[in-house]
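Participant: Sharing a sequence plus its predicted fold:
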Amino acid sequence: MSERLEDIAAAMVSGGKGLLAADESSGTIKKRFDVIGVESTADNRRDYREMMFRSKEAMSKYISGVILYDETIRQKAADGTTPLVDIIKASGAIPGIKVDLGAKPLAGFPGDTITEGLDGLRERLADYYKLGARFAKWRAVIDIDTSKGVPSANSIASNTHALARYAALCQEAGIVPIVEPEVLMDGAHSIDTCYDVSKATLVKLYDELYAARVILEGSILKPNMVISGKKSGKTDSPEEIAEKTIKLFREVVPSAVPGIAFLSGGQEDEEATANLNAINAIGPHPWKLTFSYGRALQAAPQKAWSGKASNVAAGQAAFTHRAHMNHLAALGKWQPALEKAA
Ligand code: 13P
């Protein structure tokens, strides 16, 4: 495969393929395993992820790349010899790596966070490149609580500046940066507040990326959809989400960006698929719009697998189904009836 940043970025978002976000930190994967009653050991984490990476149909037809956690990019398969990265590459997908070190409280701004991990990043990127990573991810977390003045302008400025410094270092290392400014859907806010906060964040982000001389053609945006907060009690129609999300992107995301790969952010599996489909159904758009889902791709296979070797085929079938549905949604060709046909 070409090693040009532009070609890697294009391959990540083309043909209705999308990304599997399997980069849960040790703390997050433990929470997921707790739900299915599986102990979070290194071997169980390997077996679970190996199950997905060995899902031939999903990985070769629907998944363009996998975002890995530090442990996984260094881990061998259960056979004791094959690096998990080689299984991903053999399927035709591209290995990627989460490089941020998580969101910490932003000093002086209660309720805001700042994502850490810039110190030593140049050296870590060189190491990850050698291990096979050709793209990376950095997630900034922007919560909304308007009654408390969250997010502050300082939170947006600090987080987007960090994203730009990260993205420039990635490109220097020959790695495509996924820039992820996640405006959380956990709050009680309206869809229009989500729109306003997402807009302020993306405007600042593209200012910072420009100032840092990041080549937009060799970058991918990983945003939230424009959607009501979970605690608002409101469920928006896919059409309203699609209309407001695309209106926002047309205003602020340069057309030089090859692709936008959404996070699922706590949406239900089918909801995340229906919303992505509605977004693509109102195209054509200047960028490819696809998925980079964690929970919305993995909740079903986690449940089907539940830590038992005898359930590997069922886990793979559940993963393949969700990947297929999201592939169709990335092409605007998904229909609810296809869910039942599985
Ligand atoms: P979710 O799809 O579960 O939001 O995870 C995607 C991701 O990578 C968040 O950083």
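Facilitator: Looks like it arrived, so ask away.
Participant: mind listing the helices for the stretch 51-200 of the chain?
Facilitator: Along the stretch 51-200 of the chain, the segments classed as helices by DSSP state H, counting those that start in this stretch run 56-57, 70-73, 84-90, 121-130, 153-172, 191-211.
Participant: Ala140: which of these is closest?
Facilitator: When the helices of the stretch 51-200 of the chain are ranked by distance to Ala140, counting by CB to CB, first place goes to helix 153-172 at 3.7 Å. For every residue, glycine as well, the C-beta is placed using N, CA and C.
Participant: quick one on the thing from earlier: quick one, which of the helices of the stretch 51-200 of the chain gets closest to Ser40.
Facilitator: For the helices of the stretch 51-200 of the chain, proximity to Ser40 was assessed by CB to CB; helix 70-73 is nearest, at 11.0 Å.
Participant: picking up where we left off before, figure out which of the helices of the stretch 51-200 of the chain is closest to the ligand.
Facilitator: When the helices of the stretch 51-200 of the chain are compared for distance to the ligand using CB to the nearest ligand atom, the nearest one is helix 153-172, at 12.7 Å.
Participant: mind listing what's buried in that closest one?
Facilitator: Buried residues in helix 153-172, counted by 16 or more other CB atoms under 10 Å: 155-156, 158-171.
Participant: Ala21 versus the residue nearest the centre of the chain, what's the distance?
Facilitator: Residue closest to the average C-alpha location in the chain (CA atoms, centre = their mean): Ser292, at 3.7 Å. Using CB to CB, to the nearest Å, one gets 5 Å for the distance from Ser292 to Ala21.
Participant: partners of the host helix or strand of the residue nearest to the centre of the chain in the sheet?
Facilitator: In this assignment (DSSP states H and E), Ser292 forms part of strand 288-293. Strand 288-293 has the following strand partners under DSSP bridges: strand 18-21 (parallel), strand 259-262 (parallel).
Participant: Relative to the ligand, which of those is closest?
Facilitator: For the ligand, the closest of these is strand 18-21, at 3.3 Å, according to CB to the nearest ligand atom.
Participant: okay, the residue lying closest to Ala126 once chain neighbours are set aside: pLDDT?
Facilitator: Nearest-residue entry for Ala126: Ala173, 6.0 Å, with adjacent residues in sequence omitted and distances by CB to CB, 6 or more residues apart in numbering. Residue-level confidence at Ala173 comes out at 98, pLDDT.
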